[in-house]
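Engineer: Below is the sequence, then the predicted model.
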Amino acid sequence: MSEEGTPPDTPLDERRPRNVSLLFRFLARSLAVATILALLVFGPVVIVLAGVAPDLSTEGFLLAFLLLLAIAAIAGVWSARRLWKQIGARVLVFPDRLVWLRRQESVAFPWNELEEFYCWGVSQYSTVMLIDQQFVETEYHYRFRHRDGHGFDFSEKFDSKDARPLAAHVEEGLLEYRLPELRRHFLQEQESLTFGPFVLQPEGLMHRRRLLPWNEVDYVFAEDGKIRVRKRDKFFNWCAVKMGCVPNGSLFLALAKERMEQEQTGPG
């Protein structure tokens, strides 16, 4: 993925999230979770208190409600902790690695040690006269996990279809640094590889305990935010899985394509 002559310590790109947008999302998510938990927990508590102490004062019920609301608010904030960690963070892309920075913390993710990379995008369109759809922006969400278990989430927005998302850098790095090893395990040593709900096996592609032999696979491709698998002589998809559910989707697609080509050309 590196450009010719690019020093390994020179960043190829730098990305920062929109902190204001993330802050509003963080507060909205925390409030939503807090409200739901407060209603779910407070309702049964009121019923219990009414049965145990029917003469309990209004102040007592109010105190109980405030206590439960505080607990729910804490739970809501805790549930949004991944989003909170993105505020103030930035990502540097180097020829051989990605570096996550936030305040005084810095974690490097070499491409060959990036265990899992999830990517999914959400595009927004504006409708004119209920007919013409015009592109507004796309928000990409990423999840990274190092082999040692360390990980982080990151989001970014683009208002241009031609903008280059962070995913492009990551996928190029994975294809250059990790694909050769996985190709050796899968295509040469005939080992099975798991990519979330998919399992690449020597005899076929497995999804949720269903096995599709390679000689029956027509297409494996990404479209509209989903990985779609189509069986030969069938009009509908054999399966369709959201990209955000498949780790290292670019590696999965590359290996599946090579195995299909191998099936068509034969072992020779």
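Structural biologist: The structure has been received and is ready for your questions. Numbering: from 1, shown residues only.

Engineer: what's near enough to touch G151?
Structural biologist: Neighbouring residues of G151 by CB atoms under 8 Å, 6 or more residues apart in numbering: 116, 143-145. The C-beta positions use only the backbone N, C-alpha and C, and glycine is treated the same way.

Engineer: Quickly note the distance from it to F117.
Structural biologist: To F117, G151 is 10 Å away according to CB to CB, to the nearest Å.

Engineer: Quick check: PyMOL command selecting the buried ones in the contacts of G151.
Structural biologist: Selection of the buried residues among the contacts of G151 in PyMOL, burial being defined by 16 or more other CB atoms under 10 Å:
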select buried, resi 143+144+145
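
Engineer: In JSON lines, list the contacts of G151 along with distance to L205.
Structural biologist: Shown next, in JSON lines, are these (distance: CB to CB, whole Å):
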{"residue": "E116", "distance to L205": "20"}
{"residue": "R143", "distance to L205": "24"}
{"residue": "F144", "distance to L205": "26"}
{"residue": "R145", "distance to L205": "24"}
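
Engineer: Between the contacts of G151, which sits nearest E216?
Structural biologist: Checking the contacts of G151 against E216 by CB to CB gives E116 as the nearest, at 28.7 Å.

Engineer: Show me the shaky parts of the stretch 101-250 of the chain.
Structural biologist: Residue ranges of the stretch 101-250 of the chain with pLDDT under 70: 125, 128-132.

Engineer: can we see that at 90?
Structural biologist: Per-residue confidence for the stretch 101-250 of the chain (pLDDT under 90) gives these ranges: 102-105, 120-141, 149-150, 152-164, 208-209, 223-225, 233-235.

Engineer: ok, which stretches of it are strands?
Structural biologist: Ranges of strands in the stretch 101-250 of the chain, per DSSP state E, counting those that start in this stretch, are 105-110, 114-128, 132-146, 151-158, 193-195, 198-201, 204-207, 210-213, 217-223, 226-231, 237-242.

Engineer: do you know which of these lies nearest L251?
Structural biologist: Closest of the strands of the stretch 101-250 of the chain to L251 is strand 193-195, at 7.4 Å (criterion: CB to CB).

Engineer: separation between W100 and R16?
Structural biologist: 12 Å.

Engineer: if you count what's nearby, which of those two comes out ahead?
Structural biologist: More crowded of W100 and R16, by other CB atoms under 10 Å: W100, with 21 against 13.

Engineer: circling back: of the strands of the stretch 101-250 of the chain, which stretch is the most buried?
Structural biologist: A comparison of the strands of the stretch 101-250 of the chain by mean neighbour count, using mean count of other CB atoms under 10 Å, puts strand 198-201 on top with a mean of 20.

Engineer: Need the residue closest to the centroid of this protein.
Structural biologist: Closest to where the C-alpha atoms of the chain average out (CA atoms, centre = their mean) is Y118, at 3.6 Å.

Engineer: Hmm, it is touching P247, no?
Structural biologist: Yes - using CB atoms under 8 Å, Y118 is in contact with P247, at 5.7 Å.

Engineer: Contacts only, for the closest residue to N237 other than its chain neighbours.
Structural biologist: The shortest distance from N237 to any non-neighbouring residue, by CB to CB, 6 or more residues apart in numbering, is to R228 (4.8 Å). Counting by CB under 8 Å, 6+ apart, R228 makes contact with 219-222, 237, 239-240.

Engineer: Name the member of those residues with the shortest distance to L255.
Structural biologist: Checking the contacts of R228 against L255 with CB to CB, the nearest one is V220 at 9.5 Å.

Engineer: Name the nearest residue to the closest one, ignoring sequence neighbours.
Structural biologist: Once flanking residues are discounted, V220 sits nearest to A256: 4.3 Å by CB to CB, 6+ apart.
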